[in-house]
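K.L.:
requesting a structural model of the entry that follows:
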Amino acid sequence: MQPVRVLVVDDEMTLAELLSMALRYEGWEVRSAGDGRTALRLAREFRPDAVVLDIMLPDMDGLEVLRRLRAESPNVPVLFLTARDAVEDRVAGLTAGGDDYVTKPFSLEELVARLRGLMRRAARSAETANGARLVVGDLTMDEESREVERDGVAIHLTATEFELLRFFMRNPRRVLSKAQILDRVWNYDFGGQANVVELYVSYLRKKIDVGRPPMIHTMRGAGYVLRPAEPRQPVAGPRRDAASTASATGG
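P.N.:
Numbers count the residues shown, from 1 in each chain. Modelled structure (predicted):
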């Protein structure tokens, strides 16, 4: 069996070496890069199963590295490293398609747990991609081709958005709590950072619901539910009863 391949991208050499040692201790094969261009070259040669990617790099930022990675390997899980006080970096990383993040300083045990969770999810996605077609109202998902459409219009999702929507579509009309979503989509407890669920639900709504009758609903204090959209009701004109009609026509 081939060992798991992980690419570590961080310009702090000491941290990159420490991470690499910890991941090799897990039995994984590791390559490291200190800048974006080297990371992209190694990604093509090494074909990693997962990438640990620092946001701040000397030649290009991690978001640009992610964009180029996704162009060649759209489904590889990416775990961002961000500064603890850089909330905008975390949001930008997830918005750009990153699958998860850890903030510096972090424990090696936490990072390994996050990576394991990402790779379990990726493996499960591959195993369950058996050509099933999910349909909820006018929303459709092909699990094999990973194509999503609403009312015939294609919707492009990141890997995490796809997993979240798949969980919703496999449980239509069922209220799903944040804890259930974290356990199923991210495979571990976020340590109280359940706002990541809110963040991703907002991303889905922008792609699924904007300009259309909504399908994703918040159940205050309980969670979220996906259900077929209510059809738009035609706007009724002023009613005219028979008497007024007769009066108007002189009848």
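
K.L.:
chain neighbours aside, what residue packs nearest to Met119?
P.N.:
Ala50 (5.6 Å; C-beta to C-beta, 6 or more residues apart in numbering). (Each C-beta comes from the backbone N, C-alpha and C, glycine too.)

K.L.:
list the contacts for the one you found?
P.N.:
Residues counted as contacts of Ala50 (C-beta atoms under 8 Å, 6 or more residues apart in numbering) are Val4, Arg5, Val6, Leu7, Val76, Pro77, Val78, Leu79, Leu115, Leu118, Met119, Ala122.

K.L.:
check which helix or strand the spatially most central residue of the chain maps to.
P.N.:
Geometric centre of the chain, nearest residue: Thr160, 2.1 Å, by C-alpha atoms, centre = their mean. Assessed by DSSP states H and E, Thr160 sits inside helix 159-170.

K.L.:
contacts for that helix?
P.N.:
74-75, 77, 94, 97, 99-100, 121-122, 125, 134, 136, 139, 141, 143, 146, 148, 157, 176, 181, 184-185, 200-201, 203-204, 207-208, 216, 224, 226.

K.L.:
of the residues you listed, which belong to strands?
P.N.:
Members of the contacts of helix 159-170 lying in strands (criterion: DSSP state E): Asp100, Leu134, Val136, Leu139, Met141, Val148, Ile216, Tyr224, Leu226.

K.L.:
would you check which pair of the residues you listed lies furthest apart?
P.N.:
Across these, no pair lies farther apart than Asp100 and Val136, at 26.3 Å, counting by C-beta to C-beta.

K.L.:
could you report the neighbour count for Lys178?
P.N.:
Other residues near Lys178 number 17, with proximity taken as other C-beta atoms under 10 Å.
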